[in-house]
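Asks: A predicted structure for the sequence below; I have some questions about it.
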Amino acid sequence: MGFFLEVVLGGLMAGVLYSLVALGFVLIFKASGVFNFAQGAMVLFAALAMARLAEWIPPMLGIENLLLANLIAFALAVVIMIALAWVIERLVLRPLVNQEAIALLMATLGVTYFLDGFGQTIWGSDVYEINLGISKDPLIILDKVFEGGILVNRDDILAAAIAIALVALLALFFQKTATGRALRAVADDHQAAQSIGIPLNRIWVIVWSVAGFVALVAGMVWGSKLGVQFSLAILALKALPVVILGGFTSIPGAIIGGLIIGVGEKVSEVYLGPIIGGGLENWFAYALALVFLLIRPQGLFGERIIDRV
Amino acid sequence: MLYRENGQFKTTYRGDQQIFPILQDRWFVFAVLLVAFVGIPLFASEYLFRAILIPFIILSLAAIGLNLLVGYCGQISLGSGAFMAVGAYAAYNFFVRIPGMNLILAFVLGGLCAMLVGVVFGIPSLRIRGLYLAVATLAAQFFSDWIFSRVAWFTNNSSSGSVSVPQLSVFGISVSTPVEKYLFCLTLVSVFALLAKNLVRGHIGRSWMAIRDMDVAAEVIGIRPVHAKLTAFAVSSFYIGVAGAMWAFVHLGSWEPLAFDVNRSLNLLFMIIIGGLGSVMGSFFGAAFIVILPILLNRGPEWLGIPISTAAATHLEFMIFGSLIVFFLIVEPHGLARLWSIGKEKLRLWPFPH
């Protein structure tokens, strides 16, 4: 039982990370109707920026404090992601406005490739560390209930805390600020939003910036756990099955979908893996998404897709 | 002046419906085939065959297959690498396990297996469309990556996980030197390209295009969406499967599942975007472009005397591919094929534009 809980907990932690990537994805899909294949590349790009800046800044400014260096790197990385959002809006989204969804998807594929290449050209292509200053020793909890207790990594707990804080922050932003309200209006109905004077182009920049910010947080947490490397972009592709599970337009869906997939793939890997050969993790999420597509295409919380002619 | 169709009257329905109705087009196609079958084998170097011509021809076939699905039927697929892998491994198993197996028959059987898998993964397309389908096909991709590296039966229990094929021969003629391989691939691809061209001109291709342009309207005029979509998946996967088998057998010789990963799928998609969605000709242009560009990027700086590391060249390649995709989608969504047809239109009037 203790082992099972440990597996589930590990899955939940992985799920939190999937949720974070999926969150950025859903934000963009809601506000601009773009199926953003580049979210994974954005995660990689942001994580690379953060890792390298945290490495370069201390010698340049003579900062010894790890936290301060990380904060500066984080702030700079946020600025970079906002700039990136602006560039994408200008060069990709604006010229392609009113095109079919498929054309936009393929454009984000192009953005993915560009970001992968560009990120590795300017930031380097080795494996980098993001050191958030958390010790790697695992904690043992519930050792009174089970024999041996359950091992939990400290960085996993931090990841979960950060994710919860991020979701709370986003909820506040969307519910309480004028910009957030404008974003929700655009998500509900582009034309209506435009007709009451909400500037669509600016909204797109904002929503891509927010997605960039979410990508940065995801990349930071993930990078501190696994190291920043190219495989992050492939891992982040798992956000696609997550959003299918949760529904393309639902933020709670993204979070719950991420957790379900995280737990599902860890549990299936541990318990089914030995029977049918390991490595299930790589495709479990997609297979689950496929099943969902056949049974309930709109996902758990998505809006029903109704086509009118 | 050269490219005029004045005076070429079509007096029969047959004449009106033939594949290249203009005389100059027919001559041009004959000339291209002549150069490809006779001219190139006489003059090209071995490097040219190995690095450019053979990959180009095989990938053209895969691009045609993908174009039938994405360009003609409007169903996006990110899993073409998986169908290539199915084709390759199925052909391998037929070839190794059945003694005296004919190579072409093995390819066709490999293609048929890919077709079956393609239809299975195409079934979701009946309920979902566009973006959702991308994820369904991505599932095919990751599943095939996994199954071909984990299930030893597919690789004939090879210990390293990579498989290789022995000496190839077709009807007693050996296919081992680059020229022979080139001619072998060229023959197959010419036949398949002609078939594809005729398919899309005919009833079935028209029903695909109707589904692509507006599925509800297509249904109203009596096209069965189930039939149209599944045939598109079937034919497309068959082509991609045969191309996969050729890629593995003829180009690679020995391969592992990594040869057909998600990058291969994306690469094929880029080919048809750059070459031209919904155009058989464009598939060739796109394949040529994607095959030649990395080589130029790797070699170009060397010729110009600028030192550039392999890693940097790879990253540069990624950036250029990415920018080109966006560029083409914005500026010329119909790709190089559209430029080609614009060129032909201009040539009709040249040099007297009135």
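Replies: Yep, that arrived. Numbering: from 1, shown residues only, chains lettered A, B, ... in the order given.
Asks: the biggest helix by length in chain A and chain B in contact?
Replies: Counting by DSSP state H, the longest helix found in chain A is helix A:2-32. No: figure legend: helix A:2-32 not in contact with chain B (CB under 8 Å from any CB of the partner chain); closest approach 8.8 Å. Yep, even glycine has a C-beta here, placed from its N, CA and C like the rest.
Asks: name the helices or strands packed onto that helix?
Replies: Here helix A:2-32 touches helix A:39-61, strand A:150-152, helix A:154-176, helix A:178-188, helix A:200-226, helix A:239-246, helix A:251-271, going by 3 or more CB pairs under 8 Å, 6 or more residues apart in numbering or on different chains; DSSP states H and E.
Asks: so what secondary structure elements neighbour the worst-scoring helix or strand of chain B on mean pLDDT?
Replies: Of all the helices and strands that make up chain B, strand B:169-170 has the lowest average by mean pLDDT, DSSP states H and E, namely a mean of 76. Judged by 3+ CB pairs under 8 Å, 6+ apart, strand B:169-170 is in contact with helix B:103-122.
Asks: show the contacting residues for the residue in the stretch 101-250 of chain B that chain A sits nearest to.
Replies: Of all residues in the stretch 101-250 of chain B, the one sitting closest to chain A is B:Ala139 (3.5 Å; CB to the nearest CB). By CB atoms under 8 Å, 6 or more residues apart in numbering or on different chains, the residues touching B:Ala139 are A:241, A:283, A:286-287, A:289-290, B:79, B:121.
Asks: and the gap between it and B:Arg201?
Replies: B:Ala139 sits 33 Å away from B:Arg201, taking CB to CB, to the nearest Å as the criterion.
Asks: next: B:Thr11.
Replies: For B:Thr11, the distance to B:Arg201 - CB to CB - is 20 Å.
Asks: again, but for B:His334
Replies: Taken as CB to CB, the span from B:His334 to B:Arg201 is 18 Å.
Asks: quick one, what contacts B:Glu332?
Replies: B:338-339.
Asks: try it again at 10 Å.
Replies: B:274, B:276, B:338-339, B:342 (CB atoms under 10 Å, 6 or more residues apart in numbering or on different chains).
Asks: rewinding a little: confirm that the residue of the stretch 101-250 of chain B closest to chain A sits in a strand.
Replies: No: counting by DSSP: H, G, I helix; E, B strand; the rest coil, B:Ala139 falls outside a strand, being helix.
Asks: higher neighbour count, B:Thr11 and B:Arg201?
Replies: B:Arg201 (14 against 7; other CB atoms under 10 Å in any protein chain shown).
Asks: now do the phi/psi pair for the closest residue to that one other than its chain neighbours.
Replies: Nearest residue to B:Arg201 in three dimensions, chain neighbours excluded: B:Ile19, at 7.0 Å (CB to CB, 6 or more residues apart in numbering or on different chains). The phi/psi pair for B:Ile19 (degrees, to the nearest 10) reads phi -70, psi -40.
Asks: is it true that B:Ile19 touches B:Ala196?
Replies: No: with contact defined as CB atoms under 10 Å, B:Ile19 and B:Ala196 do not form a contacting pair (11.4 Å).
Asks: model confidence for A:Arg304, exactly?
Replies: Per-residue pLDDT puts A:Arg304 at 67.
Asks: er, A:Leu142 actually
Replies: Checking the pLDDT column for A:Leu142, the value is 64.
Asks: what's the answer for B:Ile64, then?
Replies: In this model, B:Ile64 carries a pLDDT of 94.
Asks: for it, which non-adjacent residue is spatially closest?
Replies: B:Ser283 (4.4 Å).
Asks: contacting residues for the one you found?
Replies: B:59-68, B:71, B:193, B:196, B:239, B:268, B:271-272, B:275-277, B:335, B:337.
Asks: please redo it, this time with the cut-off set to 6 Å
Replies: B:60, B:63-64, B:67, B:275 (CB atoms under 6 Å, 6 or more residues apart in numbering or on different chains).
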